[in-house]
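Participant: sequence unknown, structure follows:
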């Protein structure tokens, strides 16, 4: 069973998939950094100086209990959700552009060679020439 597992893990598809997952995670961090640190300040600026990450609806404010323990704030962070939606739109647009450029770079399939006349057409041509 261990040999079968080793054989399965060492196949090309599993290794390639693992590399793709690791690269996707790294690209995700880069995209999140780009959106949060570069794009969202522009969006906030043009939206009147709003920082979407700080937007929330507080259900229960933070407080200190009678015994001195702190009770954390309970809030719906819809601003973070807006940031996620903007992130999704940017990632979708970037992927669209990448696929568009990739499709332009692909060489078109060669046109099929023109096929010659069929046997029937050749025989009909010969017949017509013999009639003359």
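Facilitator: Yep, that arrived. Note that this is a predicted model, so its numbers are computed, not measured.

Participant: which element is the residue most central in space within the chain on?
Facilitator: For the chain, the residue nearest the mean C-alpha position is residue 95 (5.3 Å; CA atoms, centre = their mean). Residue 95 belongs to helix 78-105 when assigned by DSSP states H and E.

Participant: could you list every helix and strand in contact with that helix?
Facilitator: With contacts taken as 3 or more CB pairs under 8 Å, 6 or more residues apart in numbering; DSSP states H and E, helix 78-105 sits against helix 12-34, helix 40-46. (Each C-beta comes from the backbone N, C-alpha and C, glycine too.)

Participant: residues of the longest one that come out buried?
Facilitator: Across helix 12-34, burial judged by 16 or more other CB atoms under 10 Å covers residue 31.

Participant: same question, stretch 35-55
Facilitator: Buried residues in stretch 35-55, counted by 16+ other CB under 10 Å: 35, 39, 40, 44, 52, 55.

Participant: next, give phi and psi for residue 48.
Facilitator: Main-chain torsions, residue 48, degrees, to the nearest 10: phi 90, psi 30.

Participant: and what of the one 10 residues further on?
Facilitator: Here the main-chain torsion angles of residue 58 (degrees, to the nearest 10) amount to phi -80, psi 120.

Participant: with adjacent residues omitted, what lies nearest to it?
Facilitator: Computed as CB to CB, 6 or more residues apart in numbering, the closest residue to residue 58 that is not its neighbour in sequence is residue 75, at 4.5 Å.
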